[in-house]
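here you go, sequence then predicted model.
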Amino acid sequence: QVQLVESGGGLVQAGDSLRLTCAASGRTFSDHAMAWFRQAPGNEREIVASIRRSGGTYYTDSVKGRFSISRNRYQNVVYLQMNSLKPEDTADYFCAAQQVGSPKYNLWGQGIRVTVTS
C-alpha cells in the first residue's frame, strides 16, 4: 500500500522552529518530485516547497529564507525545516508526491496541523 505519512506538527510560538517529516512507503520514491502544501482555514491549498528528482527546489515567496525542504532518498523521507515561524504559517500541512509522467502531484498524505501563536 502506497502511503505518505506526515509527522512533526504541533503548537508553537512565533519565532520557533519545527521540522515536518514525510515518510513514504509502498514503493520507491527516489524518482518522484516531492512537495509540501498547506491549507489554512478558509483558504485554498497552496504549495509551500518542492524538491525535484534532480534536487532542485522551489519555495513560495512567503517562506523563502525561513523554510528548507530536503530529502533522504534511501529512506524515502522528505523534510520541511520551518524556522522563524509566524502566525500566518498556521495551517494543515500536506506531503505530496508526483509520479514520473504525472502532470501533477497525485499522491497525498493525510496532513498535519501546525499552529503558531503570537
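Happy to help now that I have it.

which residue ranges form the strands in this structure?
Read by DSSP state E, the chain holds these strands, from start to end of the chain: 3-7, 10-13, 18-25, 33-39, 46-51, 57-59, 67-72, 77-82, 91-98, 107-108, 112-117.

pairing partners for the fifth one, with directions?
To tie it back to what came earlier, the one meant is strand 46-51. When pairing is defined by DSSP bridges, strand 46-51 lines up against strand 33-39 (antiparallel), strand 57-59 (antiparallel).

got a list of contacts for it?
33-39, 57-60, 63, 67-71, 78, 80, 93 (C-beta atoms under 8 Å, 6 or more residues apart in numbering). C-betas here are computed from N, CA, C, even on glycine.

now the buried members of these.
Neighbour-count burial within those applies to 33-38, 59, 63, 67-69, 71, 78, 80, 93; the criterion is 16 or more other C-beta atoms under 10 Å.

which one of these is nearest to Y105?
Using C-beta to C-beta, the shortest approach to Y105 within the buried ones among the contacts of strand 46-51 belongs to A35, at 5.9 Å.

any idea how far the closest one lies from A49?
Between A35 and A49 the distance, using C-beta to C-beta, to the nearest Å, works out to 7 Å.
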